[in-house]
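*Asks:* Got a predicted model here, sequence first, then my questions.
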Amino acid sequence: MKDRIYLCLAHMSGREMDYIKEAFDTNWVVPLGPNVDGFEKELEAFLGGDRYVSALSSGTAAIHLALLLAGVGVDDEVVCQSFTFAASANPILYQGAKPVFVDSEEDTWNMSPRLLQQAIEERIDATGRAPKAIIVVHLYGMPAKMDEIMSIARNYGITVIEDAAEALGSLYNGAQCGTMGDYGILSFNGNKMITTSGGGALVCPSMQQKQKAVFYSTQAREPFPHYQHEQIGYNYRMSNICAGIGRGQMTILDEHIAWHRHTAELYSQLLAGVDGVTLHIAPADKYASNYWLNTILIDKEITGKDREQLRLHLDAEGIETRPLWKPMHLQPVHSSAVAYVNGVSERLFDKGLCLPSGPCVSDDDIYRIVGEIKRCFSTK
Ligand SMILES: Cc1ncc(COP(=O)(O)O)c(C=O)c1O
């Protein structure tokens with residue numbers, strides 16, 4: 001029996017326990033402390049040194065705080081990429097605001113700047129005011145068309161939140177994803193580029209914004225000796241134990257990125273001769289994806305089998321894959337939301353599959369996966 005190959009497993013450097021042990025030895029078993037400070041500094045250095053990072057309990061919490069800092073409140077509209085994981089959009093509803101979903105373009109699979117422009121103009125006509133924020137996602141690690149999106153947002157004075165949960169280490173025109181918008185968010189969930197078991201970070205443009213994020217993430221406690229509260233806060237700060245895992249992971253982040261990119265190259269070589277299968281690769285050099293997950297589209301007209309038939313075949317052979325994200329405008333929970341669609345994300349959802357990726361997937365695994373893809377399409 002061959003070992004099962006999983007989609008994207010956590011991979012440790014071996015240094016994590018040193019930081020955790022130090023936290024226990026010094027009794028910093030709380031949601032603040034030297035590992036939290038150290039992890040934030042290491043992330044800031046990695047991101048290029050001109051941003052301020054607040055370590056939080058999840059990427060979802062980071063999106064929520066970004067919306068709060070952007071001043072999003074009840075009945076405001078927030079434009080959100082439709083082709084994404086639910087967590088990109090959920091915090092809009094936490095704030096009592098309304099999502100306006102915008103479909104993707106073909107090159108990067110991320111927010112279409114053309115549809116974004118149309119959405120903003122039509123929402124201004126319909127409501128008399130521009131949306132309060134834009135949540136753009138670098139899905140599967142592929143950078144979105146940030147130049148165009150930022151220039152549209154600046155024209156209307158709209159805050160941009162970059163959801164870089166899947167894109168730590170991806171570069172757009174040489175800039176780190178998460179540092180180009182007004183705010184960026186990162187996720188350190190178990191399957192991401194690095195993990196803290198569960199966790200996230202808000203990337204802020206100034207120390208003042210970071211301090212606000214920390215304030216709201218620690219129950220908005222005012223600086224009094226007693227507990228004084230003048231605003232509603234949240235319990236979103238990262239624990240010093242989780243941050244210890246994060247510091248251990250930072251020592252191996254570059255290797256993780258290199259390995260994800262290596263898997264993309266190997267898939268690209270091996271899938272080159274497979275008719276009807278297209279690997280999603282960067283449309284130009286300026287999109288330096290981290291290839292968090294490698295993704296393919298299946299053309300049933302050519303392969304004779306659809307995405308679900310391939311997924312079930314691979315599953316039976318001990319290979320975990322997953323359909324691409326189901327767009328938010330197709331999700332029952334968002335059925336009443338306004339959406340600007342062009343058919344791109346629906347087609348991607350219909351035809352697309354995520355393949356095992358990351359440091360726990362070996363070259364041999366990739367040979368086995370591609371071999372099984374070929375076998376699936378060669379049998380009736
Ligand atoms: C695109 C995207 N946004 C947001 C999140 C939320 O991050 P977290 O799971 O850390 O809350 C995730 C991952 O889980 C994600 O993939």
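*Replies:* Happy to help now that I have it. Worth saying up front: this structure is predicted, and the values here are computed from it rather than measured.

*Asks:* Tell me how many other residues crowd E122.
*Replies:* By the measure other Cβ atoms under 10 Å, the count of residues near E122 is 13. C-betas here are computed from N, CA, C, even on glycine.

*Asks:* What of L202?
*Replies:* For L202, the tally of surrounding residues (other Cβ under 10 Å) stands at 32.

*Asks:* before we move on, which element is the nearest residue in space to it that is not next to it in sequence in?
*Replies:* Leaving out its chain neighbours, the residue that sits closest to L202 by Cβ to Cβ, 6 or more residues apart in numbering is A62, at 4.1 Å. Here A62, judged by DSSP states H and E, is contained in helix 59-69.

*Asks:* The residue of the stretch 51-200 of the chain found nearest the ligand and L186: what is the separation?
*Replies:* Of all residues in the stretch 51-200 of the chain, the one sitting closest to the ligand is G59 (2.7 Å; Cβ to the nearest ligand atom). When distance is defined by Cβ to Cβ, to the nearest Å, G59 is 6 Å away from L186.

*Asks:* Between these two, which contacts overlap?
*Replies:* When contacts are counted by Cβ atoms under 8 Å, 6 or more residues apart in numbering, G59 and L186 are jointly contacted by A165, G200, A201.

*Asks:* so what's the last one up against?
*Replies:* Taking Cβ under 8 Å, 6+ apart as the definition of contact, the neighbours of A201 are E40, L43, V53, S54, A55, L56, G59, A62, I185, L186, F188, M238.

*Asks:* How many neighbouring residues does the third one have?
*Replies:* In this case it means V53. Every residue meeting other Cβ under 10 Å relative to V53 is counted, giving 24.

*Asks:* Pull the host helix or strand of it out as PDB, backbone CA atoms only.
*Replies:* Using DSSP H and E, V53 maps to strand 52-56. These are the backbone C-alpha positions of strand 52-56, laid out as PDB (Å, rounded to 0.1, in the frame of the first residue of the first chain):
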ATOM      1  CA  TYR A  52       4.400  47.300  10.800                       C
ATOM      2  CA  VAL A  53       3.100  43.800  11.600                       C
ATOM      3  CA  SER A  54       0.600  42.900  14.300                       C
ATOM      4  CA  ALA A  55       0.500  39.100  15.100                       C
ATOM      5  CA  LEU A  56      -3.100  37.800  15.600                       C
END
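
*Asks:* what sits up against that strand?
*Replies:* For strand 52-56, contacts defined as Cβ under 8 Å, 6+ apart pick out 36, 39-40, 43-44, 47, 62, 65, 199-207, 209-210, 213-214, 217, 236-238, 243, 246.

*Asks:* try stretch 37-47
*Replies:* Applying Cβ under 8 Å, 6+ apart, the external contacts of stretch 37-47 come out as 51-55, 176, 178-179, 186, 196, 201, 203, 238, 243, 246-247, 250, 253.

*Asks:* Name the nearest residue to A130, sequence neighbours excluded.
*Replies:* Taking Cβ to Cβ, 6+ apart as the measure, A130 lies nearest to Y156, with 4.7 Å between them; neighbours along the chain are not counted.

*Asks:* so what's that neighbour up against?
*Replies:* Taking Cβ under 8 Å, 6+ apart as the definition, contacts of Y156 comprise I120, I124, A130.

*Asks:* If any of the residues you listed are buried, give me the PyMOL selection for them.
*Replies:* The PyMOL command for the buried members of those (criterion: 16 or more other Cβ atoms under 10 Å) is given here:
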select buried, resi 120+130
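
*Asks:* Output the contacts of Y156 in CSV, with distance to the ligand, pLDDT and secondary structure appended to each entry.
*Replies:* CSV is the format used below for the contacts of Y156 (distance: Cβ to the nearest ligand atom, whole Å; pLDDT from 0 to 100; DSSP: H, G, I helix; E, B strand; the rest coil):
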residue, distance to the ligand, pLDDT, secondary structure
I120, 22, 98, helix
I124, 27, 98, helix
A130, 24, 98, coil
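
*Asks:* Any residues of the stretch 101-250 of the chain in contact with the ligand? List them.
*Replies:* Contact residues of the stretch 101-250 of the chain with respect to the ligand, defined by Cβ under 6 Å from any ligand atom, are listed as V137, D163, A165, E166, S187, N189, G200.
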